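> sequence plus predicted model, see below.
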Amino acid sequence: QRALFDQACCAIGKAAAWAPEGSSEWLAQATQMSKAMATQRRLDEARAWCMLRRLRSPSDIECLHLHAWCLEEQFAQALLSSERVLDVPARPKGRESLEREVYAARL
């Protein structure tokens with residue numbers, strides 16, 4: 001999570017990053033990280049890495065496909081859940097309970 005936070009600060013604040021924008025080394029490592037997060041079903045983090053990839057390398061469209069896949073998975077999980085109310089991540093409280101239809105609509 002620290003790496004994600006650091007990279008988000010660099011992308012949003014246009015701060016100096018350890019690799020220049022569009023760097024093939026950075027892109028390869030960010031691609032690996034986003035795919036690893038998706039494989040581990042850490043879909044929110046995978047989506048965040050995808051958006052960082054898009055900000056740092058606008059010509060990279062693979063990240064959009066992975067982001068869409070993660071979003072679809074989260075949507076399906078929410079709608080197919082047997083629970084009527086889901087405990088989901090939220091700011092600033094950390095977690096909140098939402099009806100599954102509300103959560104799916106917010107995705």
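Happy to help now that I have it. Numbers count the residues shown, from 1 in each chain.
> need the contact list for Asp87.
The contact partners of Asp87, by C-beta atoms under 8 Å, 6 or more residues apart in numbering, come to 95-97. No exception for glycine: its C-beta is placed from N, CA and C like everyone else's.
> any idea of the mean pLDDT for the helix or strand harbouring it?
For Asp87, the element it lies in under DSSP states H and E is strand 85-90. Averaging pLDDT along strand 85-90 gives 79.
> paired strands for that strand, with orientation please.
If you go by DSSP bridges, strand 85-90 pairs up with strand 94-99 (antiparallel).
> how near is the residue positioned nearest the centre of the chain to Ala38?
For the chain, the residue nearest the mean C-alpha position is Arg47 (1.9 Å; C-alpha atoms, centre = their mean). Here Arg47 is placed at a distance of 9 Å from Ala38 (C-beta to C-beta, to the nearest Å).
> common neighbours of these two, please.
With C-beta under 8 Å, 6+ apart as the test, Arg47 and Ala38 both reach Cys70.
> so the residue nearest to the centre of the chain sits against Cys70, correct?
Yes - the pair Arg47 and Cys70 qualifies as a contact (C-beta atoms under 8 Å) at a distance of 4.9 Å.
> so what pLDDT did Leu71 get?
Looking at Leu71, the pLDDT reads 90.
> typo on my end, it should be Gly94
78.
> do Phe5 as well
65.
> again, but for Gln32
Reported pLDDT for Gln32: 90.
> list the helices and strands the helix or strand hosting it packs on?
Assigned by DSSP H and E, Gln32 belongs to helix 24-39. On a contact count with 3 or more C-beta pairs under 8 Å, 6 or more residues apart in numbering; DSSP states H and E, helix 24-39 meets helix 43-56, helix 62-80.
> could I get the ones you listed as CSV with distance to Leu107?
Formatted as CSV, the helices and strands packed on helix 24-39 follow (distance: least, C-beta to C-beta, whole Å):
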stretch, distance to Leu107
helix 43-56, 10
helix 62-80, 5
